[in-house]
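Student: Just the structure for this:
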Amino acid sequence: MNSKYEIILYWSNEDDSFIAEVPELSGCMADGKTYSETLENAQTVIKEWIDTAQSLGRTIPEPKGILMYA
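Tutor: Sure thing, here's the model as predicted:
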């Protein structure tokens, strides 16, 4: 899957792992021990998030590209 949703990926000392957040998909997050594993896991949970939303008849937001955070 080649997602077009923005993924914010960072290291968490508290969790001793990388964390990936997908801000456009509420509650969509993943983790992993390496950067690449975390990115792969994020792609998986994005697909699962979309599949679940579709099965529940919920609206799936269109990817907006780069989001701005301060």
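Student: for this structure, what are the low-confidence residue spans?
Tutor: 1-2, 67-70 (pLDDT under 70).
Student: where along it do the strands fall?
Tutor: Assigned by DSSP state E, the chain shows strands spanning 8-12, 17-21, 29-32.
Student: possible to save the ones you listed as CSV with mean neighbour count?
Tutor: (Each C-beta comes from the backbone N, C-alpha and C, glycine too.) Listed next are the strands of the chain as CSV, based on neighbours: other CB atoms under 10 Å:
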stretch, mean neighbour count
strand 8-12, 12
strand 17-21, 18
strand 29-32, 18
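Student: Make JSON lines from the ones you listed and add distance to residue 49 to it.
Tutor: Listed next are those as JSON lines, based on distance: least, CB to CB, whole Å:
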{"stretch": "strand 8-12", "distance to residue 49": "15"}
{"stretch": "strand 17-21", "distance to residue 49": "12"}
{"stretch": "strand 29-32", "distance to residue 49": "10"}
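Student: which residues of this protein fall in helices?
Tutor: Using DSSP state H, the helices of the chain run over 35-55.
Student: residues touching the most centrally placed residue in it, list them.
Tutor: Of all residues in the chain, the one closest to the mean position by CA atoms, centre = their mean is residue 22, 3.4 Å from it. Residues counted as contacts of residue 22 (CB atoms under 8 Å, 6 or more residues apart in numbering) are 5, 6, 7, 8, 28, 29, 42, 45, 46, 49.
Student: Phi and psi next, for it.
Tutor: In terms of degrees, to the nearest 10, the main-chain angles of residue 22 are phi -120, psi 90.
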